[in-house]
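# Have a look; sequence and predicted model below, questions after that.
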Amino acid sequence: MCGINGIISFNSSEDLSPIVKFMNDALAHRGPDDEGIFAEQGIALGHRRLSIIDLSAAGHQPMISRSGNLIIVFNGEIYNFRDVKNELNDPTLQTDSDTAVLLAAWEKWGEECLSRLNGMFAFAIWDKLKKHMFIVRDRLGIKPVYYSGNHSQLLFSSEVRGLLASGKVARKLDDSALHEYVRYQTVYAPRTILSDVKMLLPGSLLQIDANGVVERKWWKPQVKTENTTQSYVNVCKKTRSLFKAAVERRLVADVPFGAFLSGGIDSTAVTGMMTEVSGSRVKTFNVTFDRSEFSEAIYARSIAKKFNTDHHEIVLTSQHFLEQLPAALDAMDHPSGDGPNTYVVSEATKNAGITMALSGLGGDELFAGYDIFKRAFSLQHKKWISSVPRFARSAGGKLLKSLKPGISSEKIADVLALEKVNFSSYYPLSREVLNGTIASRLVGDNNRRTFPALSDVYGYLNYPEATHFLSSVSMAEITSYMQNILLRDADQMSMAHALEVRVPFLDYELVNYVLNIPDRMKYPSTPKKLLVDSLKDLLPDEIVNRPKMGFTFPWKEWMKTELKDFCVNSLEYLSDNHVVNGNEVNNLWNRFLADDSNVTWSRIWHLVVLSHWIKKNGVTR
């Protein structure tokens, strides 16, 4: 796991290495073990290394191919690099480096080699003879890559801060992206919060040469649906087999590793399978809070005992977390309404001597673990709702809001007021933090009311509705919330501590298989039914049927006490710098303080985070 940087300028004869040096320095936290720069006329590539596989100097980057023609900077891991090496069938390729294998595979097969890779990655390859560069991102967007510019001069980096460190990227907000952030607590790729910075979409590549920049998809999930005819018993066996292989692949490392263990279904599944396939005692980490209503420690302890793990329970106090909050906010490369939780978990895990950890991220999205799956399924089978006149539906929604005030009623009313009630129209409402009307009043934008991620989501909603509707919901969750919040936060907060996080639920072979399983086999009549039935021996009933908590903190209480001044000052900064409308943000804050059921802490906090990020990075509107 590393950080990559680069700049290509076809019309320049200057030495670009000093620029990349600044970019590398900004990413030092991602790769404390080594640094490298390659430069020639019109191009410079930079790398910061966190050694996970092949700790020797042979893994130094930028890496040059044996022919001397190709140069690569690589961030991530190729889990099946030994299989790819065997397929290359080159006895002269004596290496234990996945980067070297990738470079040899590209030299032999070009971009066709991508279909052979199983891993998480973002990399750039410069071809000296053809004078073109490819920048590639993995299938599911586990590793990020940002870019700015055009074919005359293009910069890329693993983080936004790397681009800003170059001195060649404007520190200016994108107004439409600002509206998006205020509404959804993130900005959906390919856009970012900055007007001149884009994020390469998952499963995509950029080809840059003197003729221009071309972006294209190299991977999409396969819609086969042949699993409809299989027996449920066989589907469970295959699901277990693929999950086992996914975990086993992710245990390839030359450094100490462990697992995040919350005691929920997903982390228990990962821990149990690690125990089954690992040749050593698994180290598990549960970061918990010192108040029982926020603690999952009792569940994690029971699982640690079941699998005889080397268990580490790290208890956080309010004081410790609040002391760490400024550092967590500083570590945020792109603003997000979430993230500090992952920061403190990663810090504690790294301090325990672990360099790589497995996470249960992705289990909810793949196995219908969120409430949205049941709600969407129910609505999809109530098509008669759209036949009710819109005015009548709207009136019913308003009545519900008056009788039962709260966010849930507000969202139901918004759904009922839609011109047509179907998944594509109501899904965006499920992911709103602030509704479009409030967002428009805050940032002065009355025209941008569409869900920005829908264009990409629509491209994946091609599963047969009658049999695979839940797969469409999965892809909506994967391509919006998971990729643009969960994975982005996991990367930026773990890498702030030089900790690599691996996610076996996002193994593309497992993802492809589960997405093609019909609804009748994975409808969550019980929590994550298909996953639980596939791993019965690993998932005890007390874990399957426990209340779903998540790793949470008493934000509401803090924002009214210890964090009150910080929140007030942050919101005032947004107003004073004309990022948001001062009257509107003051109204929200006062309603929050008055315990208005429609203004929870999460509807304020992402604005506080935005203020801190803008101020720290010297960004203007």
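Okay, I see it. Note that the coordinates shown come from a computational prediction; the quantities given were computed from them, not determined experimentally.
# elements contacting the helix or strand hosting Glu248?
For Glu248, the enclosing helix or strand under DSSP states H and E is helix 232-249. Judged by 3 or more Cβ pairs under 8 Å, 6 or more residues apart in numbering; DSSP states H and E, the packing partners of helix 232-249 are helix 265-277, helix 508-515, helix 529-534. (Each C-beta comes from the backbone N, C-alpha and C, glycine too.)
# Tell me the gap between the shortest one and the middle of its chain.
In other words, helix 529-534. In terms of Cα atoms, centre = their mean, to the nearest Å, the centre of helix 529-534 is found 24 Å from the chain centre.
# same deal with the first one?
The chain centroid and the centroid of helix 265-277 are separated by 21 Å, computed with Cα atoms, centre = their mean.
# quick revisit: could you export the helices and strands packed on helix 232-249 as a markdown table, including mean pLDDT and mean neighbour count?
Formatted as a markdown table, the helices and strands packed on helix 232-249 follow (pLDDT from 0 to 100; neighbours: other Cβ atoms under 10 Å):
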| stretch | mean pLDDT | mean neighbour count |
| --- | --- | --- |
| helix 265-277 | 95 | 24 |
| helix 508-515 | 96 | 20 |
| helix 529-534 | 97 | 21 |
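# Format those as JSON lines; extra columns: distance to Asp576.
JSON lines is the format used below for the helices and strands packed on helix 232-249 (distance: least, Cβ to Cβ, whole Å):
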{"stretch": "helix 265-277", "distance to Asp576": "43"}
{"stretch": "helix 508-515", "distance to Asp576": "46"}
{"stretch": "helix 529-534", "distance to Asp576": "49"}
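# Show the contacting residues for Met23.
Residues in contact with Met23 (Cβ atoms under 8 Å, 6 or more residues apart in numbering) are 5, 7, 46, 155, 157, 162-163, 165-166.
# quick revisit: any idea which of the helices and strands packed on helix 232-249 gets closest to Pro18?
helix 508-515 (38.7 Å; Cβ to Cβ).
# orientation of that closest one relative to helix 232-249 in degrees?
Between helix 508-515 and helix 232-249, the angle comes out at 160 degrees (axes from the mean of the first three to the mean of the last three Cα atoms, to 10 degrees).
# Name the next helix or strand downstream of helix 508-515, please.
Later in the chain than helix 508-515, the nearest helix or strand by DSSP H and E is helix 519-522.
# in the helix holding Glu248, what's buried?
235-236, 238-240, 242-249 (16 or more other Cβ atoms under 10 Å).
# got the contact list for stretch 6-13?
By Cβ under 8 Å, 6+ apart, the list of residues contacting stretch 6-13 reads 16, 19-20, 23, 41-46, 73, 124, 126, 131, 133, 151-157, 166, 168, 208-210.
# go again using 6 Å as the cut-off
Stretch 6-13 is contacted from outside by 16, 19, 41-45, 124, 133, 152-156, 208, 210, using Cβ atoms under 6 Å, 6 or more residues apart in numbering.
# Just give the nearest non-adjacent residue to Leu27, would you?
Using Cβ to Cβ, 6 or more residues apart in numbering and skipping residues adjacent in sequence, the residue nearest Leu27 is Gly3, 3.4 Å away.
# hang on, isn't the one you found packed against Pro32?
No - Gly3 is beyond contact range of Pro32, at 10.2 Å (criterion: Cβ atoms under 6 Å).
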